[in-house]
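[1] Got a predicted structure plus its sequence, pasted below:
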Amino acid sequence: MDDLQANWLVQDLEYASLRSPRLFRAKVLAITAAAYLALFLMLLVGILVSWLAWFLYQHKGMSGGVVYIGIFCLMLLPVYYTTLRALLTRMPAPEGRAITRREAPVLFALLDKMRARLGGPPIHHVLVVEDYNAAIVQLPRWGVAGPSVNYLLLGLPLMLGQGTAEMMAVVAHEYGHLCGSHGRVSGWIYRQRNTLGAVYRRIAEMDDATVWHAAMVRALRAFLPYFDAYTFVLSRQNEYEADRAAVAMTGAPAFAICLIRLSLLGDWYHEKFWSALQGQAGNRERPAFLPYRAMGAAFRINHAEWATNARLREHWARDSALHDTHPCLRERVEARLQTLDQPLGLAFEQVDTRAHGGGIVE
């Protein structure tokens, strides 16, 4: 499937998800469960074939047929190993600077308020990380099973570039991923995507080994593009649901301002801030400024460079990328406000040079 076909498929599935979100989610779960079942059946068939070879050897003696079955089973051992390893892989816990309730009472009070209002599960760990990003990570308590342990990741650059209201909207969006059932479901589906991808890559390396290998490669090659498209659209649907949770906490205008600021400042941060710092390596032994200590001031000083109408309209014109589960800025804002002029006007009325710097964690 080429990119054009994949794009059409994603668009068709997005329309289907809008017409009946619950039915679409159920369909994705059914497809994922079917793939999961197929993997277990493959392992079961391998075990049964191996047992049959051993049984024939014990009761019928050595024969050419038994030898062929044994060789066949041995050739499939890498496939079984890869599948079991993928199914039982324990996802590593995220790394970062842990924040306690005593260190950030405002943040934890906000999390308590969100949990009471939205009815979601608790946040067990809050970590500050180096990325210009925020995220929720759910991991099974016992590696591959058990109750979920929830991590909230807050990027230090993100906090240094936002006011308290914007950070509240960001945290509310991330917490929205935990509300209802889509947080746990998405984590499970993500693991199955990794499992199927690992199995496909391992089998594709030996697709000419046996007829069985070739058949599995063809089946996975036909199935995976559709599976990826379904799960991709579900991930986008989850982003809109998380946006609704953020709007419930902060209001639509405040959330629109948050999205616009994140988009404009994020591009400037990745394109200009680090390049200016790294550009000093050619003529200075040490940088003129320490990046994280100067970051908040750099965002304020260069406000007129990154917060312009021209840059906003450029961002507004961008369409959703085929390989990005986050919808584009325009679609996310219009989904909450339904107009173009209102968010554009609000953005430059309120995306100003107010004090940055993570008031939410003070």
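    Yes, it's here. All figures in this text were calculated on a predicted structure; none of them were measured in a lab.
[2] can you give me how far the strand or helix carrying F232 is from the chain middle?
    For F232, the enclosing helix or strand under DSSP states H and E is helix 211-250. Relative to its chain's centre, helix 211-250 lies at 11 Å (C-alpha atoms, centre = their mean, to the nearest Å).
[3] Can you give me the buried ones in it?
    212-213, 216-217, 220, 223-224, 227-250 (16 or more other C-beta atoms under 10 Å). In short, each C-beta sits where N, CA and C put it, glycine included.
[4] What average pLDDT does the helix or strand that that helix is followed by get?
    Once helix 211-250 ends, the next helix or strand along the chain (criterion: DSSP H and E) is helix 252-268. Throughout helix 252-268, pLDDT has a mean value of 90.
[5] Helix 211-250 and helix 252-268, what's the angle between them?
    130 degrees (axes from the mean of the first three to the mean of the last three C-alpha atoms, to 10 degrees).
[6] Heading C-terminal from helix 252-268, find the next helix or strand.
    Taking DSSP H and E, what comes next after helix 252-268 is helix 274-278.
[7] which helices and strands sit right next to whichever helix or strand comes after that following helix?
    Sequence order places helix 291-301 as the next helix or strand after helix 274-278, per DSSP H and E. Judged by 3 or more C-beta pairs under 8 Å, 6 or more residues apart in numbering; DSSP states H and E, the packing partners of helix 291-301 are helix 156-160.
[8] what separates the helix it packs on from the chain centre, distance-wise?
    20 Å.
[9] following that helix, which helix or strand comes up?
    On the C-terminal side of helix 156-160, the nearest following helix or strand under DSSP H and E is helix 164-176.
[10] Run through who's touching that following helix.
    106-107, 110-111, 114-115, 118, 120, 123, 134-136, 152, 154, 158-159, 162, 241-246, 248-250, 254-255, 257-258, 261-262, 358-361 (C-beta atoms under 8 Å, 6 or more residues apart in numbering).
[11] Repeat the analysis, applying 6 Å as the threshold.
    Helix 164-176 is contacted from outside by 114, 134, 136, 242, 245-246, 249-250, 254-255, 258, 261, 359-360, using C-beta atoms under 6 Å, 6 or more residues apart in numbering.
[12] do stretch 108-116 as well
    Here stretch 108-116 makes contact (C-beta under 6 Å, 6+ apart) with 101, 123, 175.
[13] one more time with 7 Å, if that's ok
    Residues outside stretch 108-116 that contact it (C-beta atoms under 7 Å, 6 or more residues apart in numbering): 101, 120, 122-123, 168, 171-172, 175, 249, 360.
[14] would you list the residues you listed in TSV and tack on pLDDT and distance to A34?
    Compiled in TSV, these are given as follows (pLDDT from 0 to 100; distance: C-beta to C-beta, whole Å):
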residue	pLDDT	distance to A34
R101	93	44
G120	83	29
P122	91	33
I123	93	33
M168	90	41
V171	93	36
A172	92	35
Y175	91	31
M249	87	37
I360	56	43
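[15] Quick check: the farthest pair among those?
    Within the contacts of stretch 108-116, R101 and M249 form the most distant pair, 19.5 Å apart (C-beta to C-beta).
[16] does A35 really touch Q192, like I thought?
    Yes - shown here, A35 and Q192 form a contact pair, counting by C-beta atoms under 7 Å, at 6.3 Å.
[17] can you give me the strands in the stretch 51-200 of the chain?
    Assigned by DSSP state E, counting those that start in this stretch, the strands in the stretch 51-200 of the chain fall at 97-99, 125-129, 134-140, 148-155.
[18] closest one to I31 among those strands?
    Nearest of the strands of the stretch 51-200 of the chain (C-beta to C-beta): strand 134-140, 20.9 Å.
[19] buried sites along that closest one?
    134, 136-140.
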